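coords please:
(one chain, ligands or ions: 2)
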Amino acid sequence: MSEKPYLSLVIPAYNEQEVIPTLLTRVEAALKELGRTFEVVIVDDGSTDDTPRLLCEAKGKYPWLRLIRLARNSGQSAAFQAGFRFARGEVIATIDADLQNDPEEIPRLVKLLETEGYDMINGWRKDRNDTAFRRWQSRQANRIRNKLSGETINDSACSLKVYKRHCLDGIFMFNGAHRFMPTLVKMRGYTVLEVPVKHSHRFAGTAKYGFRNRALRAFKDLLGVRWLKSRYLRYEASEVE
Ligand code: UDP
Ligand code: MG
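Ligands and ions are numbered 1, 2, ... in the order given. Next up is the predicted model:
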């Protein structure tokens, strides 16, 4: 693949052997709908199951597939950042590997990015297909996140997102940053539109987070984001001739 594609789709995958084949067929069909050039950058986050083998084999079949491997499991934010570094598209989309986000939604969101004049589109899982406890947890998380960081975002952590490339070039990331992407983009002066998207239950494989490793970490990170937002350097400078 020598020419830069229009769209890069970045997908983090950690021990997702059950979903990889379906993921690849659905992603291919969905992105062909768009009628633009594309690449799919799958970041294997140090998987220890059959994910690496399945992805290596798939590379022979799908010319648009690029495979980035993290040497060891480093977390979803690291996987996204690595994917962003390797992505070459002028538009960058993201989804999770487990197909809880519908790849079929991507063309619609990319078109909205082109027509609505925003820098980023953030998916909003308005009707979430998760357990009642998980839905409650997410509602509380967004409520507290908005209150403490002065935001009005309905679903900050939905992985279905589409960015113009400049949103991500040089963005500050940290372990856990994937839950705060709209805020991290907005604090750089860019605009974000939230759009309701379909959401499905996890049909195979296992969820990687529980209450402890999500809620407590996300709260600590929120305090950091709140500080960062209040101290973020934003200015325009030019040399006077
Ligand atoms: N993931 C990852 N590294 C990790 C944990 C998760 O790359 O250390 C990936 C995982 O394979 C999936 C996505 O991040 O594609 C979201 O994970 P999961 O579906 O378990 O999270 P949830 O949907 O419960 O938020
Ligand atoms: Mg999931």
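
interface residues of the chain facing ligand 1?
Within reach of ligand 1 by C-beta under 6 Å from any ligand atom, the chain has these residues: 12-14, 16, 45, 73, 75-76, 79, 96-98, 100, 207-209. Any C-beta I mention is one placed from the backbone N, CA and C, and that applies to glycine too.

near ligand 2 too, which of the residues you listed?
Restricting the residues of the chain next to ligand 1 to those touching ligand 2 (C-beta under 5 Å from the ion) yields 98, 100.

distance check, A207 against Y232.
As judged by C-beta to C-beta, to the nearest Å, A207 and Y232 stand 33 Å apart.

again but with S138, I slipped
Computed as C-beta to C-beta, the S138 to Y232 distance reads 26 Å.

do the same with S159
Counting by C-beta to C-beta, the gap from S159 to Y232 is 24 Å.

which one's more surrounded, S138 and Y232?
More crowded of S138 and Y232, by other C-beta atoms under 10 Å: S138, with 19 against 12.

excluding chain neighbours, what is closest to the more buried one?
Nearest residue to S138 in three dimensions, chain neighbours excluded: R128, at 6.9 Å (C-beta to C-beta, 6 or more residues apart in numbering).

outside of the host helix or strand of A29, which residues touch it?
With secondary structure defined by DSSP states H and E, A29 is part of helix 20-34. Identification of contacts with helix 20-34 by C-beta atoms under 8 Å, 6 or more residues apart in numbering yields 7, 9, 11, 13, 16, 38, 40, 51, 54-55, 58, 62, 64-65, 97, 99, 102-107, 110.

now do the strands in this protein.
7-13, 38-44, 65-69, 91-94, 120-124, 161-164, 192-196 (DSSP state E).
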